[in-house]
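[1] no sequence on this one, just coordinates:
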């Protein structure tokens with residue numbers, strides 16, 4: 001789900017919305033101007049778009065606190081963000097910058113210059129060095145130190161920027177079409193009057209802008225779509241990372257008992273995929289000893305931060321990566337442990353193949369959960385599904401097809417465990 005936040009009826013997403021729809025991405029609109037409440041979390045969100053409005057990002061308007069909280073949550077979970085005008089200023093504030101009054105109103109068509117880093121930016125890579133856009137603002141912002149400036153002009157140096165790897169702010173209105181320009185002029189006639197020829201030149205200005213506008217919007221939509229499954233997973237676990245250890249600390253002995261079933265020799269190399277806060281890492285380190293290598297892999301930065309807080313970085317190297325696309329060479333590890341991860345990957349068959357790729361022949365895969373399948377189904381008010389891919393009759397052939405041989409399967413009341421051995425090519 002893409003969440004769009006609007007502050008005024010005339011300041012909709014326009015070309016951004018068109019690109020999201022064309023990419024097949026479902027959209028939910030929060031109309032703060034109509035009294036809609038801003039979502040409290042980024043759960044289930046794969047993208048966030050915050051539009052412009054007549055209020056100031058440094059003033060305490062009714063939805064400001066909630067919007068900043070949502071933007072901060074999106075930044076922490078690396079949910080892709082696109083902020084326009086007011087939305088860009090709020091993004092800068094959420095990231096640690098400041099919003100402030102500018103040197104005067106900037107309204108009408110005018111040039112912006114791309115920075116040296118724009119050609120390698122995921123959204124701005126094909127935008128020419130100079131671009132005429134629609135300006136409609138009188139405020140500006142100071143960016144946090146880690147921001148990448150993408151576009152500027154003489155009167156307002158901050159025109160476009162990126163925070164981290166997946167959040168963009170646009171001070172100007174790249175999203176507009178003719179309907180948008182007319183709507184702005186009707187809503188703010190006094191401001192429009194300060195820009196002679198605003199409406200008369202709109203058709204020609206938009207004709208020159210359209211190709212670049214549409215390309216940037218399509219690139220954002222493609223960026224969101226291409227990582228939607230990762231984003232949803234990261235968004236889900238980020239909010240839970242702070243309390244994960246306290247919720248599951250009692251499961252430590254079950255994790256240790258499961259690790260014992262791997263039977264790894266001292267000096268071996270082992271991965272904990274989807275390691276979370278690292279409950280299994282001490283047991284894995286004990287099994288392979290000081291000469292072995294233990295790597296905890298997780299997709300969610302907040303989980304690895306929590307693991308470090310628990311001191312798990314003393315037992316293992318912690319790696320931020322997608323467990324289904326590991327940045328590792330072939331046949332490099334002797335064991336792969338994961339607790340519940342197989343239930344969260346978008347393509348379990350592809351994940352099993354990837355884990356086989358990085359595992360040496362005769363290496364061990366241990367799929368574990370501290371609850372049995374029936375216990376988990378009952379906890380969620382469901383019956384045990386005969387089509388569950390973790391049922392033995394389904395899991396065994398799936399493992400075989402990926403290059404594993406299932407040699408132990410336990411679906412007990414209080415734990416699930418499947419142990420498989422990597423075959424020879």
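    Thanks, I have the structure now. Since this is a predicted model, take the numbers as computed values, not measurements.

[2] doesn't residue 295 belong to a strand?
    Yes. Per DSSP: H, G, I helix; E, B strand; the rest coil, residue 295 lies within a strand segment.

[3] tell me which residues touch it, please.
    269-272, 316-319, 333 (CB atoms under 8 Å, 6 or more residues apart in numbering). All C-beta spots, glycine's among them, are computed from the backbone N, C-alpha and C.

[4] try 7 Å
    Applying CB atoms under 7 Å, 6 or more residues apart in numbering, we find residue 295 in contact with 271, 316-317, 319.

[5] any idea how far the closest residue to residue 229 other than its chain neighbours lies from residue 232?
    Leaving out its chain neighbours, the residue that sits closest to residue 229 by CB to CB, 6 or more residues apart in numbering is residue 346, at 4.3 Å. Taking CB to CB, to the nearest Å as the measure, residue 346 falls 9 Å from residue 232.

[6] what about those two, which has more around it?
    Shown here are residue 346 and residue 232; by other CB atoms under 10 Å, residue 232 has more neighbours (20 against 12).

[7] quick check, the more buried one in a helix?
    Yes. The assignment for residue 232 by three-state DSSP puts it in a helix.

[8] excluding covalently adjacent residues, which one is nearest to it?
    Nearest to residue 232 is residue 46, by CB to CB, 6+ apart, at 5.6 Å.

[9] now the helices for the stretch 251-400 of the chain?
    Applying DSSP state H, counting those that start in this stretch to the stretch 251-400 of the chain gives helices spanning 252-260, 281-288, 301-309, 348-357, 373-379, 392-402.

[10] show me what contacts residue 78?
    Taking CB under 7 Å, 6+ apart, we find residue 78 in contact with 164-166, 234.

[11] ok, of those residues, which come out buried?
    Among these, those classed as buried by 16 or more other CB atoms under 10 Å are 166, 234.

[12] run through who's touching the longest helix seen in the chain.
    Longest helix of the chain, by residue count under DSSP state H: helix 202-226. Contact with helix 202-226 is made by 2, 15-16, 19-20, 22-23, 25, 46-47, 80, 82, 109, 122-124, 126-127, 131-133, 174-175, 177-178, 181, as judged by CB under 7 Å, 6+ apart.

[13] buried among these? Make that a ChimeraX selection.
    To isolate the buried members of these in ChimeraX, using 16+ other CB under 10 Å:
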select :2,15,16,19,20,23,25,46,47,80,82,109,122,123,124,127,131,132,133,174,175,177,181
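
[14] looking at the contacts of helix 202-226, which are in strands?
    When DSSP state E is applied, the contacts of helix 202-226 are split such that 2, 47, 82, 109, 131-133 fall in strands.

[15] which of those lies closest to residue 340?
    When these are compared for distance to residue 340 (CB to CB), residue 47 wins out at 26.0 Å.

[16] residue 80 is in contact with the closest one, correct?
    Yes. Counting by CB atoms under 7 Å, residue 80 is a contact partner of residue 47 at 4.7 Å.

[17] any idea how far residue 189 is from residue 175?
    21 Å.

[18] neighbours around the residue nearest to residue 376 when sequence neighbours are not counted, how many?
    In space, and not counting its chain neighbours, residue 376 is closest to residue 369: 7.2 Å by CB to CB, 6+ apart. Using other CB under 10 Å, residue 369 has 24 neighbouring residues.

[19] just residue 401 next, same as before
    Residue 401: 12 neighbours (other CB under 10 Å).

[20] quick one, what contacts it?
    Applying CB under 7 Å, 6+ apart to residue 401 gives the contacts residue 349.

[21] low-confidence stretches in this protein?
    425 (pLDDT under 70).

[22] mind redoing it with 50?
    For the chain, not a single residue meets the criterion pLDDT under 50.

[23] just give me how far stretch 121-138 sits from the chain centre.
    24 Å (CA atoms, centre = their mean, to the nearest Å).

[24] contacts made by that stretch with the rest, please.
    So stretch 121-138 is contacted by 85, 101-102, 104-114, 118-119, 150, 162, 168, 171-174, 176, 181, 184, 205, 208-209, 212, 215-216, 219-220, 223 (CB under 7 Å, 6+ apart).

[25] quick one: end-to-end distance for that stretch.
    27 Å (CA to CA, to the nearest Å).
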